[in-house]
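>>> got a sequence here, can you model it:
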Amino acid sequence: MVIPAAVRTAIAEHARAELPNEACGLIVLEDGTAIEYRPGINDAASPYRFRLRPGSPEDVFLVDEGYDLAVFHSHTSSPPRPSQTDVALSDIWPGLPWVIYSVRLDEFAAWRVAPDGYEAIPLS
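Numbering: from 1, shown residues only. Model (predicted):
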C-alpha cells in the first residue's frame, strides 16, 4: 500500500485535532495507492478505542464506484500496531486493510486484522 505525503498529512492533522481521543476514518485507494482521506467520527469518543462512523453517508458507496477502502484509526500514545481491543473488534470491517497512525511516535503502519490475529502490510 502506498500513502502519499498529502494523504499522510491529512490523516496526521485529523489525529492531532481529535486528541485526547483516537481519530478514525476511511482511506480511499486506487490500485493500492491512497488517493484521499475521508475523516470519520469516533462514536466511542475514547483515547483507547474507536467505533468508526463514516463522515458522510456517501463514503460507504465508494466501493460501488470501484474504489478500495482501508480503515484508519490513530493511537494516541502507543505504537502503530493493532491492540487487543482492535483485534477483538476487527470483524466490524472484515477484509479491509487497517492503517494505524501513532500520534506520539509520528509513525504509520498497515495491517490485515482478524479476530485470530494480524499481519503487516508493506507500506510506503
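>>> could you dump the longest strand belonging to the chain to CSV, C-alpha only?
When the chain is parsed with DSSP state E, its longest strand is strand 33-42. Coordinates of each C-alpha in strand 33-42 appear next as CSV, following Å, rounded to 0.1, in the frame of the first residue of the first chain:
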residue,chain,number,x,y,z
THR,A,33,-2.4,3.9,-3.7
ALA,A,34,-4.2,6.2,-1.3
ILE,A,35,-5.9,9.0,-3.3
GLU,A,36,-7.9,10.6,-0.5
TYR,A,37,-8.6,10.5,3.2
ARG,A,38,-12.2,10.8,4.4
PRO,A,39,-12.3,11.8,8.1
GLY,A,40,-14.8,9.8,10.2
ILE,A,41,-16.4,10.2,13.6
ASN,A,42,-15.2,8.1,16.5
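>>> just checking, what packs against the next helix or strand after it?
Later in the chain than strand 33-42, the nearest helix or strand by DSSP states H and E is strand 52-54. Secondary-structure packing of strand 52-54 (3 or more CB pairs under 8 Å, 6 or more residues apart in numbering; DSSP states H and E): strand 24-30, strand 33-42. Quick note: C-beta positions are derived from backbone N, CA and C, even for glycine.
>>> for residue 17, which of the ones you listed is the nearest?
Nearest of those to residue 17, taken as CB to CB: strand 33-42 at 8.9 Å.
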